[in-house]
Structure formats: C-alpha cells, structure tokens
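Asks: Here is a sequence together with a model predicted from it:
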Amino acid sequence: MTGTPEGAVTAAPAAGDRSDGPAEQPPHGLGVSLPSADAPAKTEGVFPYASDLWAEGLLWAAILRSPYPSARILSIDTKQAVEMPGVRAVVTHADVPGDAGHGRGTPDRPVFAHDTVRHHGEPIAAVAADHPDTARLAAAAIEVEYEVLEPVTDPQLAFEAEPLHPDGNLIRHIPLHFGDPEVVGETIVEGLYRIGRQDPAPIGAEAGLAVPRPDGGVEIYTASTDPHTDRDLAAACFGLEPERVRVVVTGVPGATADREDPGMQLSLGLLALRTGCPVKLAATREESFLGHAHRHPTLLRYRHHADADGKLVKVEAQILMDAGAYADTSAEALAAAVSFACGPYVVPHAFIEGWAVRTNNPPSGHLRGEGAMQVCAAYEGQMDKLAAKLGMDPAELRLRNVMATGDLLPTGQTVTCPAPVAELLRAVKDEPLPELPKDTPEEDWLLPGGLEGAGEPSAVRRGVGYALGMVHMLGAEGADEVSTATVKVSGSVATVLCAAVETGSGFSTLARQIVQETLGIDEVHVAGVDTDQPPAGRACHGRHTWVSGGAVERAAKMVRTQLLQPLAHKFGMSTELLQIDDGKITSYDGVLSTTVAEALDGKELWATAQCRPHPTEPLDESGQGDAFVGLAFCAIRCVADVDIELGTIRVVEMTVAQDVGRVLNPRQLRARIEAGVTQGLGAALMENLRTTRGQIRHPDLTGYAMPTALDAPDIRIVKLVEERDVVAPFGAKPASAVPVVTSPAAVASAVRAATGRPIGRLPIRPQAAVAQQQ
C-alpha cells in the first residue's frame, strides 16, 4: 500500500483481492457459468469487508446528526465533548480546510451543516475517540442550539416555498414536446400515480477506515462504487492534491445504488488528518438509513389518447420528483423519467413536463432503474385503464403499440439497438399459467397473508397482469463513459488491473472469462481496486459490462497480438490464421502447434487499453436529443392471488422474458434477473421509507419491510433474446436494472386484474386491494 506505514491496515489486502486461486476451474471463456472467485470466502463468512478492517493505533468515529428536518443552527458548543477522557478530536464545519460542498451529481451538500439543517439526520459534527462508546457519548455531549423551522415536505409546495438552498428549490425542469399538441384521440384515460421512497438497504451497512499518510495525505478504505469521484471530492474537501488522497475499495456488501455515504468518508478523512491516527466508523442501521440516498418519491399525472382500435395517439404527463434536501443525481433521474415516460411503445405525439425539486425530506439519489421505474408503474397503469375502456385484452393492446428497432423515442432519438419488445411480450403471454389450487384442501392453500393469516379461500381472487419496461445503458446526456484496463501475462498466469468495482454485478468473473477466451490462459487474477489505477467510472447502468469489459477485451487482444506475432513471422503467416484454444496455439493448416506457456518462453507481456462508447448529447429546451447510448427491454407477466376482503396479496409467479444481447455467464445472468425481480417486488408491495413531517419514522429493518426468500415468488425466465447490439463489446446488455423497473408495474397490473381497483400507489396498501362492493 503506497504511502502507508508497513502493517498499518491488516485486512485491506485480503478485502481487495478478487483473484481466483490456483485450483482447477470448470470449462472457461465467455458463455459458460464460471463461478465467482470469492464465492467460497463469502459463503464461509471469511470474506473481509470494510467493517472488518483494523489498523495499529485505531481510533473510532461517531457522527452527530440533526434530529430535525429543518432548523437554523444558532450555536454549536463542543467543549464538553472535547474534555471527555479518551476523546482525541472533534470536527465541525469550521474545521473543513477545503471545499465544504460535495455530492454525486451536484456538489451542493455540506460536509457538516453549519447554519441551516435541511434534512433529518444531516451531519453536524464528528468525533474521534479511543473507544466506539466514548465516541458516541462525546457526539451526544455536543450542544447544538436550534431554531426549529416548519419543514417543506410536499414537493408540490416547493415551487412557492422559501428557498431551502442557495441554489433554489427547482433542481431541473424538462419540457418534452414531440409532435402536434392539438391532436386528440377517440378514447382518453387519465390517472394519478404515487411512487414511494424505496431504500437500497444494503445487506452490510456503511463502514470505512481512514489512515493518514507520511506525506500529509490520507488513504480511505471503503466499499465505494465510484472511487475516483470519491477521491476527487475528498481531496477538494481536505484542501489536498488528488495524488495525496488514495481510495482503496474493500469488499462491497451489496450495492444496488451509489453504495456509500460520501459524507461519512469525508468525516473519517478529516479526523484522521486531525489526529494523525487511523480512524474507523461502522454505521449502525439507523445511521445507514439517515445517511445514504433513496429512490425518488414521485407524483405522476397521465392522460393517454388512443384511437378506436387501441393505437396510441398521444401521451400527456406531468412528473414531479422529490429530490429531498440536495440535488445528488436528481437531474439524471428526471431525464430518464421524462425520456421513458411513454414506455417501449410507439407514440406519435408526446408532451411531458418533468420537475425535480428540493424539500426537507430525506435525500434522493441513484437507485437501480431510477426514473424509469417510476414512470413504468404509471404508463402501464394507463395501458390497463385503456384496455378496460376499450374492452380489449391488456396484452393484445400492448402488442399493437410496442416499439421496434428504427422507431423514435419521444426525445426524437432513433432506436438503433435491437428492440425485440413484441417477441418478449409474446414469450410471457404464451407461457401456460400456473394451476389454480382448486383441487387442494383449503387448509393446504398458500393464502395471501401466510399460513397463520385470517384469510378465507372463498375471498381469494387470482389476477394476471403484464408490464413492459425499458432502461438506458451507461450514462446519458453527454457523460464521458471511458474506462481503462491493463492485462499482464507472466508464465501461465494473467492479471487484470481495472478500477471497475465488483458490486455483485459479476464484473470480476466476466474479466476472467474475457482473458480466458482471448488468451487461452486458465489462471486469471483480477487485482483489487484503488485510485492509483486509471479511472473506470461508476458501477451503474451496466457500464462495467460494456465499457470496462470492452477495455479488458481490447487489452487482452493487444497481448494476444504480442504473443502471436513472433510465431506468425517465423512461419510466414498472418496472426489471423492462428488460434488459441485450451492453452494451445495452432495454425489453420496444423503446421504449428504449441502451448501458450512455450510461446511466452518466460517473457512478460502487457498492454493497456481504453473503451469509450459513441458520444451522446444533452436534451435540448424541448426535451429532444440523442441522449442515450443504448436501451434494454423486459417483459414480465405476474400472477397474483389477492384476498379481496383483507387486501393481502401473494405473488404466485413472475414470468420473465428479457433482451440481454448475449449471454456471457448463464448462471450469473439468471441470478441478476431474479434479484432484480425480487427488488421490484419489494417496491410493489412493502418497501417504503415512511416519514412524518420530514422525519424518518422507523430507520431500521424492523420498521422498513423488505422481501425475504419466503416472499419471493416462483420466477420463471422463459426467454432470453440474444440479438447482439453491434456497438456493444460482446453485444451484451445490462441485466439487473430492467427487471427492477418492470416487476412493480406487473404486480400492480395483476392486482388490478384481481380486484378491479385502479391501484395508483406503490407500494400497494391493503386498503387499495380490497375489492369494491357490488
């Protein structure tokens, strides 16, 4: 560890090591289910995460957070905390030497609140002490005098409210105009939809360790999903050059969002620089809920126009996203919501207004499928309403309107990637439905509400619902999506160096498969990630499969050329006439046959390459522009049983067909899809971080319900469409975000079919699923 005293951090090397061992592996390369290298350590409980790290002379940190969602800070008195035995440092806003603002998208969030509190749980001060209990007691001993203010918690009131931030309450407004506003359809349906505040709730709460360096810099060990951005934010905050701040990525215990709270990392770094000692913090679950960003709660108003045959004519919508106290990635989420507001359907005329506004609610930010998930629930609710009004089968109505390659998005962008939406919908529609339990004794029924529930079989109705979802791949609106990778070969071992964080997406396994496929080498190691490596960007939107995987492939091909050129020259043939398979190099005519190890002859070969997809552009003042690199699609049919007297819901089966481009690792792909469907199920039925006047009511896993294995339905993946995207490395598409987007809408559709109720709110409340009395 460059710049760190020898032995300072004992667990970090193991945490960052993602290599496979020398043990014999199953058949390798792309298209096979190569197991994850770290799976044994994780299943045995010995894989080290940030909370496991230790260093000599370690101090413990605690953060004082605001108990109010909106208040003026009149004074902060740290004297009592500083004088407590064992306390080594207390830092507040006054102790931040550099830029006090940070944030993923917009740096508008202070490290510590100093004059105004804008959300419940906002950091006020941080303490370092020789014992975690001492640190917590000292934080509680800091005296803060507040003038409590009336919080703005309704995003509809944010437009007229006093500014909550120097940048104002409006973060972004996107008016999308596409087609003729005067067009009117023969059939019109309207709807109002509300989407709740889903939390990423990672299985492991945030943790980190900051270690001072001899050169006056600092190293931060944490489960970052975007280490170079975190490094740059930290350097600006500490008033240091970026080269003097190093972020080392530890094991990541679950990440379906921007994994870490940057404010925690900054607090640790400030304390380490102040004390000259390593400082560690492992957040409680309550601190985790208070600190990190959540899915944007969204209010959506829709009006769909169609002709007598069910063909869509026009869509009008208003989308209001609650960003909470700070901007974070709200501008990106709003762009996705507005752009995909009509769904994967051909709509000749669309007029969408979207706003993201500040409130005193908990901060919102990136969460898998942001923007797209909220609008999917709304536009699919509209399709169900339209089908009912026209007396059509809901699946048939959708088939009449689905988009295909060559169609236009409402942003004016042509869909150039494969868009097999009709094929996906037919695949789930044509699958046999699960059998009804009519021949099963009533006492053996799996009723909504569980075995001990109060439901009666006579009150149960079964509903079948459909949903089509879409997401964009990589960043959007001009984001520079470059990634760099290095491949080294020495002896019979290859090593990949790439700052792409393994968040559970399977990138480390994919990198091994790419090198195995290209170079025919069995033993491939993937080095741990830190900011000494060139940047690879955020771990979201499937970008590491595309961009980082593409960089690894290019570097491996460059090494392959270095390996084969001497042989090709010796035998007077082109390198294209040589192939590598199972560690052997052969020529097309059989004249040459040797092993990779013999061809290397003790040499070390290496190459570094970059991958950068074609550029995109920001949406203009009318919401028009080629803003996206590519798209991915999914169709889900949900079968749900609903107790129409109690409003309890049991999802029986989710049938999935997905546009994947190319299957690179079958087992890993299916696991990602199943996980995405289950996360979407949580958003549909139970996950909602509830607040009262801006205060989180139950910031723990008792008050915040999440689906477990017992809640997961039978998930049947009936079709994976492998129509390769020619501009994507390997032709693959991201796998996990689009089922998250689609499954909540499918569940709501099934409950509508069972109850006849409109179902306009997610998660679905029991009272909403009680059938209307005849």
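Replies: Ah, there it is. As the structure is a prediction and not an experimental result, all values here were calculated from the model.
Asks: Where do the helices of the stretch 101-250 of the chain begin and end?
Replies: In the stretch 101-250 of the chain, the helices defined using DSSP state H, counting those that start in this stretch lie at 132-141, 227-238.
Asks: cool, and the stretch 251-400 of the chain?
Replies: Using DSSP H, counting those that start in this stretch, helices in the stretch 251-400 of the chain cover 262-275, 285-291, 330-339, 372-390, 394-401.
Asks: sorry, back to before: and residue 173, which of the helices of the stretch 101-250 of the chain is closest to it?
Replies: helix 227-238 (25.8 Å; CB to CB). The way it works is simple: take the backbone N, C-alpha and C, and place the C-beta from them, glycine included.
Asks: How about the contacts made by residue 574?
Replies: For residue 574, the contact set (CB atoms under 8 Å, 6 or more residues apart in numbering) comprises residue 568.
Asks: Would you confirm that residue 724 contacts residue 664?
Replies: No. With contact defined as CB atoms under 8 Å, residue 724 does not reach residue 664; the gap is 11.2 Å.
Asks: which residues does residue 573 contact?
Replies: residue 587.
Asks: re the thing from before, and the helices of the stretch 251-400 of the chain: which comes nearest residue 61?
Replies: helix 262-275 (5.6 Å).
Asks: tell me which strands and helices the closest one is in contact with?
Replies: strand 59-65, strand 87-91, strand 101-102, strand 123-129, strand 207-212, strand 218-222, helix 227-238, strand 279-282 (3 or more CB pairs under 8 Å, 6 or more residues apart in numbering; DSSP states H and E).
Asks: Sheet-wise, list the partners of the first one with their directions.
Replies: Next to strand 59-65 in the sheet, as set by DSSP bridges, lie strand 123-129 (antiparallel), strand 279-282 (parallel).
Asks: Just put those strands in CSV and tack on mean neighbour count.
Replies: Output for those, formatted as CSV (neighbours: other CB atoms under 10 Å):
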stretch, mean neighbour count
strand 123-129, 27
strand 279-282, 26
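Asks: For those, give me CSV that also has distance to residue 290.
Replies: Formatted as CSV, these follow (distance: least, CB to CB, whole Å):
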stretch, distance to residue 290
strand 123-129, 9
strand 279-282, 14
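Asks: Throw these into TSV and include mean pLDDT and distance to residue 367, thanks.
Replies: Converted to TSV, these look like this (pLDDT from 0 to 100; distance: least, CB to CB, whole Å):
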stretch	mean pLDDT	distance to residue 367
strand 123-129	96	21
strand 279-282	94	23
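Asks: nearest to residue 55, of the ones you listed?
Replies: Here strand 279-282 is closest among those (CB to CB), at 7.5 Å.
Asks: got the contact list for the closest one?
Replies: With contacts defined as CB under 8 Å, 6+ apart, strand 279-282 is touched by 50-51, 53-55, 58-63, 128, 205-210, 264, 267-268, 271-272.
Asks: rewinding a little: wait, which of the strands paired with strand 59-65 is closest to residue 480?
Replies: Going by CB to CB, the one of those nearest residue 480 is strand 123-129, 30.7 Å.
Asks: tell me the angle of the closest one relative to helix 132-141?
Replies: 140 degrees (axes from the mean of the first three to the mean of the last three CA atoms, to 10 degrees).
Asks: Helix 262-275 and strand 123-129, what's the angle between them?
Replies: 40 degrees.
Asks: please begin residue numbering at 24 from this point
Replies: Yes, from this point I'll number from 24; that puts the last item at strand 146-152.
Asks: With only the CA atoms kept, save strand 146-152 in PDB.
Replies: Taking C-alpha atoms only, strand 146-152 is exported to PDB below (Å, rounded to 0.1, in the frame of the first residue of the first chain):
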ATOM      1  CA  PRO A 146     -24.300  15.600   9.900                       C
ATOM      2  CA  ILE A 147     -23.400  18.400  12.400                       C
ATOM      3  CA  ALA A 148     -20.100  17.200  13.800                       C
ATOM      4  CA  ALA A 149     -17.800  14.200  14.100                       C
ATOM      5  CA  VAL A 150     -15.800  12.800  17.000                       C
ATOM      6  CA  ALA A 151     -12.700  10.500  17.200                       C
ATOM      7  CA  ALA A 152     -12.100   8.600  20.400                       C
END
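Asks: Need the residues that contact that strand.
Replies: 82-89, 96, 99, 101, 104, 107, 109-115, 134-136, 140, 158, 161-162, 165, 167, 286, 290-291, 293-294, 297-298, 300, 302, 314.
Asks: that older thread, could you dump the helices of the stretch 274-423 of the chain into a markdown table and include distance to residue 267 and mean neighbour count?
Replies: Below are these laid out as a markdown table (distance: least, CB to CB, whole Å; neighbours: other CB atoms under 10 Å):
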| stretch | distance to residue 267 | mean neighbour count |
| --- | --- | --- |
| helix 285-298 | 10 | 25 |
| helix 308-314 | 26 | 20 |
| helix 353-362 | 30 | 26 |
| helix 395-413 | 39 | 25 |
| helix 417-424 | 56 | 20 |
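Asks: I'd like those helices as CSV, with distance to residue 626 appended.
Replies: Formatted as CSV, the helices of the stretch 274-423 of the chain follow (distance: least, CB to CB, whole Å):
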stretch, distance to residue 626
helix 285-298, 41
helix 308-314, 49
helix 353-362, 46
helix 395-413, 48
helix 417-424, 58
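Asks: Nearest approach to residue 339 belongs to which of those?
Replies: Between residue 339 and the helices of the stretch 274-423 of the chain, the tightest spacing by CB to CB is seen for helix 395-413, at 10.5 Å.
Asks: quick one: the strands in the stretch 624-773 of the chain?
Replies: Here the stretch 624-773 of the chain has its strands, by DSSP state E, counting those that start in this stretch, at 627-634, 651-666, 672-682, 714-715, 718-719, 737-744.
Asks: okay, those strands, which one's buried deepest?
Replies: Among the strands of the stretch 624-773 of the chain, strand 651-666 has the highest mean neighbour count (mean count of other CB atoms under 10 Å), at a mean of 28.
Asks: Can you give the strand pairings for that strand, parallel or anti for each?
Replies: Short version: by DSSP bridges, strand 651-666 pairs with strand 483-499 (antiparallel), strand 672-682 (antiparallel).
Asks: Switch these over to TSV; also include mean pLDDT and distance to residue 525.
Replies: TSV is the format used below for the strands paired with strand 651-666 (pLDDT from 0 to 100; distance: least, CB to CB, whole Å):
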stretch	mean pLDDT	distance to residue 525
strand 483-499	92	18
strand 672-682	96	22
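Asks: Now tabulate these in CSV and tack on distance to residue 386.
Replies: Shown next, in CSV, are the strands paired with strand 651-666 (distance: least, CB to CB, whole Å):
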stretch, distance to residue 386
strand 483-499, 21
strand 672-682, 30
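Asks: Can you show me the helices along the stretch 424-573 of the chain?
Replies: Using DSSP H, counting those that start in this stretch, the helices of the stretch 424-573 of the chain run over residues 444-452, 530-542, 566, 572-594.
Asks: In a markdown table: those helices, plus distance to residue 513 and mean neighbour count.
Replies: Rendered in a markdown table, the data for the helices of the stretch 424-573 of the chain read as follows (distance: least, CB to CB, whole Å; neighbours: other CB under 10 Å):
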| stretch | distance to residue 513 | mean neighbour count |
| --- | --- | --- |
| helix 444-452 | 45 | 22 |
| helix 530-542 | 12 | 25 |
| helix 566 | 29 | 25 |
| helix 572-594 | 11 | 20 |
